[in-house]
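Provide a 3D model corresponding to the input given below.
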Amino acid sequence: MIHLYIFLYLDYITFQQKSETENLKMATEISKYLKQDNIMQQLSETLGRNSAPLVTSALTAVANNYQLKDATPVSVYTSLMKAAALNLTVDPNLGFAYLVPYKRNFKENGQWVNVTEAQLQIGYKGLVQLALRSGQIKSVNTGTIYESEFKGYNKITGEFTIDETIIPDEDNDEVAGYFAYVQLVNGGEVKQFSRKKQIEHFAKKYSKAYSYDLDNNKKSSPWSTEFNAMAEKTVLKQVLKFVPMSLEMQEAVSVDENDMKWAKRVDEVTGLEIPDQQQIENFDKDDYAAKKMEELKAQSQNKQPKEVTAEDF
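Numbering: from 1, shown residues only. Sure, this is the predicted structure:
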């Protein structure tokens, strides 16, 4: 028995070493690709200055996220070009923008192919910086409102009130909702308040990673690790749609909205939603076959034809 444990341990160590070697290899390929002269030149032309700091920030992001090491170099470059166009760094420690790995499934020559690709996701700080850059916005503020300080919300006027004399216990108080406030240079104001349940519904609907985390008790999505920050950013995006936006700002919101749409990719031929990588890995064909056999048996006993739906295929 001791020999078996030793064997399994050594096998595990070997597997870990192979994984680390593969990760290092992929990271090296991404580094080599981004440091090519023509790539650096294209990034510099888009930025209007030296692109070395931007490339460094991308390599820092790759080094800090093992899943990004599997991303195709082209997808990392494409995301960097978007970041360069917005003049935002992708250093994850700064929070202006992030490179986020996504599993994408598609058919190629009749075969399902799945790859990891990097996508640009604008952070809360990035949205605020772009908003202030437009020259139309004087100030931006977002925040979390707790039940202990929340007094009311008028759906018609959009006004919400809080008791400013109360200092909430952020570690123990329940969250009532989130707000965003923008003051324009001409004195105009735009604000919005969203209940926590509304934001939770939004996150579950548009973020498959968050839904997966909830179902499997994981923390792989920013919605799972930084829910309040993601909620504030979501409300801010809604407010920014009602203020004068520069081309930069429009591009930033578009990039972020595209990230949400990516989570609901459908097959162009069938029109059915393509399962994500985790759904494919979790699929148990034996369990599925057993359930179908039970359904057929029940149908035979009832002698009632079953309605065929897309889920049966």
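
which residue ranges of this protein form helices?
Secondary structure of the chain by DSSP state H: the helices cover 2-34, 37-47, 52-64, 73-86, 124-133, 196-206, 208-216, 222-225, 227-240, 247-262, 277-282, 285-302.

least reliable of those by average pLDDT, please.
Set side by side, the helices of the chain give their lowest mean pLDDT on helix 277-282, at a mean of 46.

now Asp70. Nearest residue, chain neighbours left out?
Sequence neighbours aside, Thr116 is the residue nearest to Asp70 in space, at 4.1 Å (criterion: CB to CB, 6 or more residues apart in numbering). Placement of C-beta: from N, CA and C, glycine included.

partner residues bridging that neighbour?
Lys103 (DSSP bridges).

and the gap between it and Thr234?
Computed with CB to CB, to the nearest Å, the distance linking Thr116 and Thr234 is 25 Å.

likewise for Ile162?
20 Å.

comparing those two, which residue is more hemmed in?
The neighbour comparison of Ile162 against Thr234 (other CB atoms under 10 Å) goes to Thr234, with 22 against 18.

thought that one was touching Phe202?
Yes: shown here, Thr234 and Phe202 form a contact pair, counting by CB atoms under 8 Å, at 6.3 Å.

what is the burial count for Tyr206?
Neighbours of Tyr206 (other CB under 10 Å): 18.

next: Glu117.
Per other CB under 10 Å, the neighbour tally for Glu117 reads 19.

would you confirm that it contacts Tyr102?
Yes: between Glu117 and Tyr102 a contact is recorded at 5.6 Å, counting by CB under 8 Å.

find residues that contact each of Thr234 and Phe202.
With contacts defined as CB atoms under 8 Å, 6 or more residues apart in numbering, no residue is shared by Thr234 and Phe202.

and the nearest residue to Val100 once chain neighbours are set aside, how many neighbours?
The shortest distance from Val100 to any non-neighbouring residue, by CB to CB, 6+ apart, is to Gln121 (4.7 Å). Neighbour count for Gln121, taken as other CB under 10 Å: 20.

and Gln121, how close does it get to Gln129?
15 Å.

got it, and Tyr178?
For Tyr178, the distance to Gln129 - CB to CB - is 20 Å.

ok, now Glu189?
Glu189 is 20 Å from Gln129, where distance means CB to CB.

more neighbours, these two?
Gln129 (19 against 11).

as PDB, could you dump the C-alpha coordinates of stretch 104-118?
Extracted in PDB, the C-alpha atoms of stretch 104-118 (Å, rounded to 0.1, in the frame of the first residue of the first chain):
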ATOM      1  CA  ARG A 104     -14.700  29.200 -27.300                       C
ATOM      2  CA  ASN A 105     -16.200  26.300 -29.100                       C
ATOM      3  CA  PHE A 106     -16.700  26.200 -32.800                       C
ATOM      4  CA  LYS A 107     -17.000  23.800 -35.700                       C
ATOM      5  CA  GLU A 108     -14.100  23.500 -38.200                       C
ATOM      6  CA  ASN A 109     -14.300  21.000 -41.100                       C
ATOM      7  CA  GLY A 110     -17.100  19.300 -39.300                       C
ATOM      8  CA  GLN A 111     -15.300  18.800 -36.000                       C
ATOM      9  CA  TRP A 112     -15.800  20.700 -32.700                       C
ATOM     10  CA  VAL A 113     -12.800  22.700 -31.800                       C
ATOM     11  CA  ASN A 114     -12.300  24.500 -28.400                       C
ATOM     12  CA  VAL A 115      -9.700  27.100 -27.800                       C
ATOM     13  CA  THR A 116      -8.800  29.600 -25.100                       C
ATOM     14  CA  GLU A 117      -8.900  33.200 -26.200                       C
ATOM     15  CA  ALA A 118      -8.200  36.400 -24.400                       C
END
